[in-house]
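>>> Whatever this is, show me its structure:
(2 chains)
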Amino acid sequence: MEQTKSLNFIEEKIKADLAAGKFGGAIHTRFPPEPNGYLHIGHAKAICLNFGIAKANGGVCNLRFDDTNPTKEETKYVDAIKQDVKWLGFNWGDKEYYTSDYFETLYGYAVKLIEKGLAYVDHQTPEQIAEQKGTPTRPGENSPFRNRTIEENLELFAKMRNGDFEEGVCILRAKIDMENDNMLLRDPLIYRIKKVTHHRTGDDWCIYPIYDFAHGQSDSIEGITHSLCSLEFEVHRPLYNWFIENLEIFPSEQTEFARLNLSYTILSKRKLLELVEGNHVTGWDDPRMPTLSGLRRRGYSPESILALCEEIGVLKRNGLTDLSLLEHHLKTHLNKVAERRMAVLNPLKVTITNYPEGKSELLDAVNNPENELAGKRQVPFSREIYIEQDDFMEDAPRKFYRLSQGREVRLRYAYYITCNEIIKDTEGNITELLCTYDPETKGGQSPDGRKVKATMHWVSVNDSIDADVRLYDRLFSSETPDKTEEGGHFTDNLNPKSVEIISAKLEPELKTAIIGATYQFERLGYFCKDQDSSSSNLVFNRTVALRDSWAKKK
RNA sequence: UGGUCUAUGGUGUAACUGGCAACACGUCUGUUUUUGGUACAGAAGAGUCUAGGUUCGAGCCCUAGUAGACCAACCA
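Next up is the predicted model:
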């Protein structure tokens, strides 16, 4: 008997709706990004939810661009969003939807509201309107233009559309209740004048609907049954329903859930834009960004993001998800699929004094111990190699069982070596190690069965290739970058050491890596070839480091 | 001096009202290992925000309090 997975509250609701025969048994969702920025991992949660629910119930999920504010929206964002949704593995059929496709219908809805005496043109300044709105604890007051006649309103609204008024001169408002506890019901603004070119409709319009007058209606037009959005829209729901009822259109239903919060991360498009424009990062796809394009470039797999979304579930409670949870899913996935390679980040030269000069040999190395099908490759070995500086200690404590003078270790897939002599420069820095190898231990095992405690990675000096490796760390040093000292700014919490670029030595096989390919550099972490690479200059991003229990012991 | 929503180990989630509150991450111990990775075995860690109430019985229901989030953009 398989244990049935517990349903989240939205799945429960859908199950109940289905059982009640609501919407004729149809399930239709939508993912409605505004094309004013790039998608981030918080959006991934909404994407998984909406596309996932539709799929699980034999329904459809529309991809809809909520483009009602031409001053912020651009086609380049539309393209980036489509690419990211696709990357996560979802598709939306052969067409995408745009709120801007409904401008004419929306205009008609506004006219209908006016005709029903439920909307009016207000000729006050934005300041006056704001003042009259009151506060959460103080009721608002009626506008002096609230009682204009239907005819007058109709004529004025037509003039608005016609471009007869300048921006800010007047605005269309729904006539609801200026004293309502819910501020959104205090005669909300629904159509404003913006003499701005729209990324899709060009100069066809100079008036644009505001979110509340566009979103629910768009849902309704598309026959969306379950409109899922984040918690901050909870207070909008009465208004969402008010429009649908008074317009007498298809009754889409809004349900809210908590958005994702990730530690050491900021998930606000506005703030992400600020990081980009303030050059705190190199762009929306900077590998330190929580954007899907940034994560992709960093080397994250869609599988790991999907796994996180699956695990965090869908609740009405907002919390703070630990970044390590995402990293855990990443490592789990990459461990299974990433091929292994050897790379030395901080090289220390080792000369094997008893290895013939000029000799070189190819040694077999396993590509992925987790997957036999990944096969083997050959790694060149020679008299001079590089090892990791951290793998040698002159005065080694008991717990340190890597290389030290007089100690023997195994070079992975190669030989056992013993360190005999340390060479230093005039300042006392170790510049080279002189070692001897045991020819009997080729491949990494000794015929006499003698044990060595450590196995180390290495790279042949003459065969190695150079690469810039970007060692990324978290972008913010605070778990909650938004929390700042009073008068502070979230950028104050930026981690000054979020990236360190070093030059590393890689095994030659890595020459053939393609951009975007992720490897495990043995004993170090997962690394992904960056798009900045050229034929003369390789660049790798550290996606995430391997667990390092030695570092903890220290 | 308003309204709406929420409250389970450090974190993320479970628990048909009824057997000592379960799982994952993280932490700590061991075992295996040609990655101090992985895998495996085990441990510590909450008594479910507080106070009342309903009930034979409450993490689940009710009331109040407390704490947090959201609401006063011609943003979405």
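
>>> so who does the residue of the stretch 351-500 of chain A found nearest RNA strand B touch?
Proximity of the stretch 351-500 of chain A to RNA strand B (Cβ to the nearest atom of the strand) peaks at A:Gly444, 2.1 Å away. Just so you know, the C-beta spots here come from the backbone N, C-alpha and C atoms, and that holds for glycine as well. By Cβ atoms under 8 Å, 6 or more residues apart in numbering, the contact set of A:Gly444 is A:Arg410, A:Leu411, A:Arg412, A:Tyr413, A:Ala414, A:Tyr415, A:Tyr416, A:Thr455.

>>> ok, A:Ser498 - contacts?
A:Arg288, A:Tyr472, A:Asp473, A:Arg474, A:Leu475, A:Phe476.

>>> In terms of pLDDT, where does it sit?
Looking at A:Ser498, its pLDDT is 96.

>>> Distance check, it against A:Thr265.
To A:Thr265, A:Ser498 is 12 Å away according to Cβ to Cβ, to the nearest Å.

>>> what do these two both touch?
The contact lists of A:Ser498 and A:Thr265 share A:Arg474, A:Leu475, A:Phe476, where a contact means Cβ under 8 Å, 6+ apart.

>>> so how many other residues sit close to the second one?
Residues near A:Leu475, counting by other Cβ atoms under 10 Å, number 23.

>>> and if you look at A:His333?
20.

>>> now, which of the shared contacts of A:Ser498 and A:Thr265 sits nearest A:Val281?
Proximity of the shared contacts of A:Ser498 and A:Thr265 to A:Val281 (Cβ to Cβ) peaks at A:Leu475, which lies at 7.4 Å.

>>> Hmm, A:Leu494 and that closest one touching each other?
Yes: with contact defined as Cβ atoms under 8 Å, A:Leu475 counts as touching A:Leu494 (6.7 Å).

>>> For RNA strand B, see how far away A:Ala504 is.
16 Å (Cβ to the nearest atom of the strand, to the nearest Å).

>>> Considering only the contacts of A:Gly444, which also neighbour RNA strand B?
Near RNA strand B, taking Cβ under 7 Å from any atom of the strand as the test, the members of those found are A:Arg410, A:Arg412, A:Tyr413, A:Thr455.

>>> Could you export the residues you listed as CSV, including pLDDT, neighbour count and secondary structure?
Converted to CSV, the ones next to RNA strand B among the contacts of A:Gly444 look like this (pLDDT from 0 to 100; neighbours: other Cβ atoms under 10 Å; DSSP: H, G, I helix; E, B strand; the rest coil):
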residue, pLDDT, neighbour count, secondary structure
A:Arg410, 98, 20, strand
A:Arg412, 98, 19, coil
A:Tyr413, 98, 22, coil
A:Thr455, 97, 16, strand
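
>>> Low-confidence regions, the stretch 251-400 of chain A specifically.
Within the stretch 251-400 of chain A, not a single segment meets pLDDT under 70.

>>> need the residues of it near RNA strand B, please.
A:258, A:270, A:311-322, A:324-325, A:328, A:331-332, A:335, A:340, A:368-370, A:399-400.

>>> Mind checking which of the residues you listed are in helices?
A:Arg270, A:Glu311, A:Ile312, A:Ser324, A:Leu325, A:His328, A:Lys331, A:Thr332, A:Asn335 (DSSP state H).

>>> Is any residue of stretch A:476-495 near RNA strand B?
No: using Cβ under 7 Å from any atom of the strand, stretch A:476-495 stays clear of RNA strand B, with a minimum separation of 8.3 Å.

>>> first vs last residue of that stretch, how far apart are they?
Counting by Cα to Cα, to the nearest Å, you get 5 Å between the two ends of stretch A:476-495.

>>> what's the answer for stretch A:216-229, then?
Terminal-residue distance, stretch A:216-229 (Cα to Cα): 11 Å.

>>> Is A:Ile387 in contact with A:Met456, as I believe?
Yes: at 5.8 Å, A:Ile387 counts as touching A:Met456 under the criterion of Cβ under 8 Å.

>>> Need the residues touching each of the two.
In terms of Cβ under 8 Å, 6+ apart, A:Ile387 and A:Met456 are both contacted by the residues A:Leu403, A:Leu411.

>>> tell me the contacts of A:Leu433?
A:Leu433 sits next to A:Leu348, A:Lys349, A:Val350, A:Thr351, A:Ile387, A:Phe392, A:Leu403, A:Cys419, A:Glu421, A:Ile422, A:Ile423 when contact means Cβ under 8 Å, 6+ apart.

>>> Tell me the secondary structure of it, please.
strand (DSSP: H, G, I helix; E, B strand; the rest coil).

>>> quick one, phi psi at A:Ala110?
phi -70, psi -40 (degrees, to the nearest 10).

>>> how near is it to RNA strand B?
14 Å.

>>> Need the nearest residue in space to that residue, chain neighbours excluded.
In this structure, A:Ala110 finds its nearest non-sequential neighbour in A:Tyr191, 5.6 Å apart by Cβ to Cβ, 6 or more residues apart in numbering.

>>> And A:Glu388, its phi and psi?
Per degrees, to the nearest 10, the backbone of A:Glu388 is at phi -80, psi 130.

>>> Name the SS class of the residue nearest to A:Ala110, please.
strand.

>>> That one and A:Cys206 touch, don't they?
No: contact status for A:Tyr191 versus A:Cys206: not in contact, 10.7 Å apart, counting by Cβ under 8 Å.

>>> between those two, what contacts are shared?
What both A:Tyr191 and A:Cys206 touch, as defined by Cβ under 8 Å, 6+ apart, is the set A:Met160.

>>> what number of residues lie near the nearest residue to A:Arg173 once chain neighbours are set aside?
Leaving aside its chain neighbours, A:Arg173 sits nearest to A:Asp187 (4.7 Å; criterion: Cβ to Cβ, 6+ apart). The number of residues packed near A:Asp187 is 23, by other Cβ under 10 Å.

>>> do A:Asn462 as well
By other Cβ under 10 Å, neighbour count at A:Asn462 equals 12.

>>> same thing with A:Lys336?
11.

>>> now do the one 10 residues further on
A total of 14 residues lie near A:Asn346 under the criterion other Cβ under 10 Å.

>>> what's the answer for the one 5 residues further on, then?
Here the number of neighbours of A:Thr351 (other Cβ under 10 Å) works out to 17.

>>> Wait, a helix at it?
No: per three-state DSSP, A:Thr351 lies outside any helix segment and is strand.

>>> Just the closest residue of the stretch 201-350 of chain A to RNA strand B, please.
For the stretch 201-350 of chain A, Cβ to the nearest atom of the strand, closest residue to RNA strand B: A:Gly319, 2.2 Å.

>>> Now that residue, what are its backbone angles?
phi -130, psi -160.

>>> Look up the closest residue to it, ignoring the ones flanking it.
A:Asn261 (6.7 Å).

>>> Distance of that neighbour relative to A:Leu325?
On the measure of Cβ to Cβ, A:Asn261 and A:Leu325 end up 12 Å apart.

>>> Also A:Trp242?
40 Å.

>>> In stretch A:407-425, which residues are buried?
By 16 or more other Cβ atoms under 10 Å, the buried positions in stretch A:407-425 come out as A:407-419.

>>> from the middle of its chain, how far away would it be?
Distance of stretch A:407-425 from the chain centroid (Cα atoms, centre = their mean, to the nearest Å) equals 43 Å.

>>> Can you measure across that stretch, start residue to end residue?
Between where stretch A:407-425 begins and where it ends, there is a gap of 22 Å, by Cα to Cα.

>>> what about A:Thr135, neighbour count?
Neighbours around A:Thr135, by other Cβ under 10 Å: 8.

>>> and what of the one 3 residues further on?
Under the neighbour criterion other Cβ under 10 Å, A:Arg138 is assigned a count of 9.

>>> partners of it in the sheet?
For A:Arg138, the beta-bridge partners are A:Thr135 (DSSP bridges).

>>> per-residue confidence for A:Ile422?
98.

>>> Return the residues in contact with it.
A:Glu394, A:Gln405, A:Ile430, A:Glu432, A:Leu433, A:Leu434.

>>> just A:Leu185 next, same as before
A:Ile176, A:Asp177, A:Pro238, A:Leu239, A:Trp242.
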